[in-house]
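>>> dropping the sequence and predicted coords here.
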Amino acid sequence: MRIAVTGSIATDHLMVFEGRFADSLVVEQLDRLALSFLVEDLDIRRGGVGANIAFGLAVLGQRPLLVGAVGEDFAEYRSWLERHGVDCSGIRVSDLRHTARFICTTDRDQAQIASFYAGAMREAREIELAPLMAGRPVDLVVVSPNDPEAMRRHTEEARFRGVPFAADPSQQLAWSEGPLIRELVDGAAYLFSNEYEAALITRKTGWSDDEVLERVGVRVVTHGKDGVRVERRGAAPVQVPVVPARAVADPTGVGDAFRAGFLAGLARSLPLERCAQVGCLLATHVLETVGTQEYRIEPSEALDRFAGVYGPDAAAEVAAHLVGAVPA
């Protein structure tokens, strides 16, 4: 099964200010604000939802096609992804803009001042999927957060060409209006969201939960520490618990890893319950690691953890697939 992952590709520039922003703010002078802060640390991480999902699929032995737009500063990041098994032939390189980046400074009170530069991501709307599928068809298109027009275009093209698509609007739901959300969701083979985003979908589209389920093949809703709920028409919902974390290092990218694990299960023709369980396993690996693409899978250890939560029969069913994971 060949999966094309469309979505954002970005770098995160994370800085730490040891003081408090509030100590430098004068309320009466906010209209003339001009401040700078001396930061202690700078952590540059690879990120972007599309890239994170593609990386997770590659960790589990798949070779996903990543589709997105970047700048000429992407060379080192490209090398990293390709070295870890991601097909980057679907990436457009802008002549004018840099790769998208998130720049954030956090003070000792965990207050944050941040900016997001979309940059080359704006050009993702220029990418046509058909040439990327010539000679080697795609079995599933994942439409994850990206330039809004790119998300609309890739969804429309998947429909037009009869290629099943997975809708993952997540971060773009907050600002999107009902008509756009309906376009992105209607007809999806799979719809991914967390609990809050699921509520946004129903409120902004005007559809009830049942009406959403009528318009998609499978609805997958994550509930944080309470696990995952998988629903499809005509079948009882499936509730899957999480794999307990040994330590919580950083929650960033956990949802992306879950999607990667779920999709890897689909690629291996596993039942939906097993797909969600593999997703939970991969999500926990990210939760235990600083950075969205710094984790690895040790197949034998991962299988033991899987069996400890989901039982030996479930572990036996996925054993061959986890053995195919790329070892640390």
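Arrived safely, thanks for sending.

>>> identify the residues contacting stretch 95-109?
Under the contact criterion CB atoms under 8 Å, 6 or more residues apart in numbering, stretch 95-109 has outside partners 8-22, 37, 39, 47-48, 70-74, 77, 112-123. For every residue, glycine as well, the C-beta is placed using N, CA and C.

>>> among those, which ones are in strands?
10-16, 47, 70, 112-117 (DSSP state E).

>>> with just CA atoms, put the helix or strand of the chain with the lowest mean pLDDT into PDB.
The weakest-scoring helix or strand in the chain, judged by mean pLDDT, DSSP states H and E, is strand 112-117 (a mean of 86). Backbone C-alpha positions of strand 112-117 (Å, rounded to 0.1, in the frame of the first residue of the first chain) are rendered in PDB as follows:
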ATOM      1  CA  GLN A 112       5.200  32.100  25.400                       C
ATOM      2  CA  ILE A 113       5.800  34.700  22.600                       C
ATOM      3  CA  ALA A 114       5.700  33.000  19.200                       C
ATOM      4  CA  SER A 115       5.500  33.600  15.500                       C
ATOM      5  CA  PHE A 116       4.800  31.200  12.600                       C
ATOM      6  CA  TYR A 117       6.300  31.900   9.200                       C
END
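
>>> heading C-terminal from that strand, find the next helix or strand.
Next helix or strand after strand 112-117 toward the C-terminus (DSSP states H and E): helix 130-133.

>>> wait, doesn't residue 321 sit right on residue 261?
No: at 10.3 Å, residue 321 and residue 261 do not qualify as touching, with contact defined as CB atoms under 8 Å.

>>> and those two? which has more neighbours close in?
Taking other CB atoms under 10 Å, residue 321 and residue 261 do not tie; residue 261 has more neighbours (27 against 20).

>>> contacting residues around that one?
Residue 261 neighbours (CB under 8 Å, 6+ apart): 56, 60, 275, 278-283.

>>> quick one: residue 67 and residue 127 touch, right?
Yes: shown here, residue 67 and residue 127 form a contact pair, counting by CB under 8 Å, at 6.0 Å.

>>> these two - which one has more neighbours?
residue 67 (30 against 21).

>>> got any ranges where the stretch 201-328 of the chain has weak pLDDT?
323-328 (pLDDT under 70).

>>> mind listing the helices for it?
Here the stretch 201-328 of the chain has its helices, by DSSP state H, counting those that start in this stretch, at 209-215, 254-267, 272-287, 299-310, 312-323.

>>> and stretch 187-202, what's buried?
188-194, 197-198, 200-201 (16 or more other CB atoms under 10 Å).

>>> spatially central residue in this protein, please.
residue 256 (3.0 Å; CA atoms, centre = their mean).

>>> ok, that one to residue 212 distance?
22 Å (CB to CB, to the nearest Å).

>>> residue 52 too?
Taking CB to CB as the measure, residue 52 falls 25 Å from residue 212.

>>> circling back: who wins for neighbours among the ones in strands among the contacts of stretch 95-109?
Among the ones in strands among the contacts of stretch 95-109, the one with the most neighbours (other CB under 10 Å) is residue 70, at 30 neighbours.

>>> alright, calling it a day.
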